[in-house]
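S.K.: compute the structure for the input listed below.
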Amino acid sequence: MKTNLKKLFAAALAVLFVFALSACGEEKVPVIGISQYGEHESLDNCRTGFLQGLQDAGLVEGTDYTIDYQNAGFDDNIAKQIASSFSANNVALMCGIATPSAVACYAAAEDKDIPVIFTAITDPVAAKLDSGNVTGTSDKLAVEGQLELIRALQPEAKTIGILYTTSEPNSVSAVAEYQEKAASFGFTIEAVGVSAQSEVTQAADTLLARGVDCFTNLTDNNVVGVLPAILEKTNEKHVPIYGSEIEQVKKGCVASVGIDYYELGRQTGAMAAKVLKGEATCAEMPYETISEYGVYVNYAALEEMGITLPEDYAARAIDALA
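M.R.: Presented below is the predicted three-dimensional model:
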């Protein structure tokens, strides 16, 4: 009996020893914490493109990295909580999608010097994300291109309405640029700011009451999040909305000079891959912007508004619904 017990005890020790050796020899897979400010198609496309960019660089999920994806639901406090949890878990890299998430990630990562990659940020300088262990991609709007488009499609228009969130540096910066450049195209800007998504549709009513000839949309998350509700109001009043990218045009905006958010995310993923591979640090890579803009149109929405696409735009337009 004693001999059997000794054999069992020895076997158990051997198993524990092998397990201990394998555990010691096992390399920890780096974790990428992705904080997305909220769910709408543009930001979702950024995330999908980001993951594709990692794969394009030869990295394999589960072997070279794992993903911890969190969504803040357009809540700044939740974005801060997500960033704090990433920091507490010592993730290898944080990816902030949209300004509030990126700012929260950088604040939580700074003391530990965790690298932060951002995407879908219009003005990284205004957001104070242009120095330190942080970099990424900007979705800066093609403001002049958009004003040219509106003038070409609505030759008699005088006033453009803009809805924006007063606490989003991206939106404040974009509104200022529109106000600066609008006069050169014969426009004035009517801008109404909100502090929360619940105020957006009422702000849209305010702009319609002021008699604006059209709206131009920013990449403002609170506004984009309720775009279908805004479109119901503007369509009823026969006032067109110009989007800032293809997904907004798919939803019913008449046209846009904008970017492809999937490609923006893919560009961001390529930058993150360099960090994970040790080829570069965030501090060594200046933030990047998309160099080419597309002209996206919704032919059904244009027809509904009685707008004819000029030949020069028609020749290079991309049908958003195709």
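S.K.: may I have the phi/psi pair for residue 216?
M.R.: Backbone torsions of residue 216, given as degrees, to the nearest 10, read phi -120, psi 130.
S.K.: assign a three-state SS to residue 318, would you?
M.R.: Residue 318 falls in the strand class when you classify it by DSSP: H, G, I helix; E, B strand; the rest coil.
S.K.: tell me how far it lies from residue 299.
M.R.: 11 Å (Cβ to Cβ, to the nearest Å). (Glycine included, C-beta is placed from N, CA and C.)
S.K.: quick one: which of these two has more around it?
M.R.: Between residue 318 and residue 299, counted using other Cβ atoms under 10 Å, the more crowded position is residue 299 (16 against 13).
S.K.: helices of the stretch 101-250 of the chain, start to end?
M.R.: Listed in chain order, the helices found in the stretch 101-250 of the chain under DSSP state H, counting those that start in this stretch are 143-153, 169-181, 200-209, 221-224, 227-236, 246-251.
S.K.: including mean pLDDT, could the ones you listed go into a markdown table?
M.R.: Below are these laid out as a markdown table (pLDDT from 0 to 100):
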| stretch | mean pLDDT |
| --- | --- |
| helix 143-153 | 97 |
| helix 169-181 | 93 |
| helix 200-209 | 98 |
| helix 221-224 | 91 |
| helix 227-236 | 97 |
| helix 246-251 | 93 |
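S.K.: residue 187 is nearest to which of these?
M.R.: With Cβ to Cβ as the measure, helix 143-153 is the member of these nearest residue 187 (6.7 Å).
S.K.: contacts for the helix or strand where residue 258 lies next, please.
M.R.: For residue 258, the host element (DSSP states H and E) is strand 255-258. For strand 255-258, the surrounding residues in contact (Cβ atoms under 8 Å, 6 or more residues apart in numbering) are 141-142, 145-146, 148-149, 153, 242-246, 248-249, 293-298, 302, 309, 313, 317.
S.K.: quick one: buried ones out of those residues?
M.R.: 141-142, 146, 149, 153, 242-246, 248-249, 293-298, 302, 309, 313, 317 (16 or more other Cβ atoms under 10 Å).
S.K.: by contact count, what packs against whichever helix or strand comes after the strand holding residue 258?
M.R.: Note on strand 255-258: by DSSP H and E, the next helix or strand toward the C-terminus is helix 261-277. If you count contacts as 3 or more Cβ pairs under 8 Å, 6 or more residues apart in numbering; DSSP states H and E, helix 261-277 packs onto helix 41-56, strand 93-97, strand 116-121, strand 134-138.
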